[in-house]
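1. can't give you the sequence, but here's the structure:
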């Protein structure tokens, strides 16, 4: 991502770390602005939806640690999936 000097200065002044900007750009809503610009923001609803998705992903990761897959060594085809 490329920042103008102005944007970098404002991020520092306003205490906005790069990870926050990344989240806004990736998961925020776009709104057209004058002059062909776009404003991207994350609403409370957007944040709540993202948190819900992440909680679901964490749950699936926890379940995955108790499973295993057996894969053919020659062609990479999944032979079976089972409990550990």
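-> Looks like it arrived, so ask away. What you are looking at is a predicted structure, and each value in this text was computed from that prediction instead of being measured.
2. can you list the residues that contact stretch 33-51?
-> 23, 24, 25, 27, 28, 29, 30, 31, 32 (CB atoms under 8 Å, 6 or more residues apart in numbering). Bear in mind the C-beta positions are built from the backbone N, C-alpha and C, glycine included.
3. so in the chain, which helix runs the longest?
-> Criterion DSSP state H: the longest helix present in the chain is helix 44-64.
4. now do the SS call for the residue of the chain positioned farthest from its centre.
-> No residue in the chain sits farther from the centre than residue 74, which is 34.3 Å out by CA atoms, centre = their mean. At residue 74, secondary structure determined by DSSP: H, G, I helix; E, B strand; the rest coil is coil.
5. got phi/psi on it?
-> phi -90, psi -40 (degrees, to the nearest 10).
6. can you check residue 78 too?
-> According to degrees, to the nearest 10, residue 78 has phi -70, psi 120.
7. neighbours of it, how many?
-> By other CB atoms under 10 Å, 9 other residues sit near residue 78.
8. neighbours of residue 77, how many?
-> Residue 77: 8 neighbours (other CB under 10 Å).
9. what do you get for residue 18?
-> With other CB under 10 Å as criterion, residue 18 counts 11.
10. and it, what does it touch?
-> Contacts of residue 18 (CB under 8 Å, 6+ apart): residue 11.
11. relative to residue 25, how far out is it?
-> 10 Å (CB to CB, to the nearest Å).
12. residue 38 now?
-> Distance, residue 38 to residue 25, using CB to CB: 10 Å.
13. what residues are up against the closest residue to residue 68 other than its chain neighbours?
-> In space, and not counting its chain neighbours, residue 68 is closest to residue 84: 5.3 Å by CB to CB, 6 or more residues apart in numbering. By CB under 8 Å, 6+ apart, residue 84 lies in contact with 65, 66, 67, 68.
14. what's the closest of the residues you listed to residue 52?
-> residue 65 (21.4 Å; CB to CB).
15. which phi and psi does that closest one have?
-> phi -70, psi -10.
16. who wins for neighbours among the contacts of stretch 33-51?
-> Most surrounded of the contacts of stretch 33-51: other CB under 10 Å gives residue 28, at 18 neighbours.
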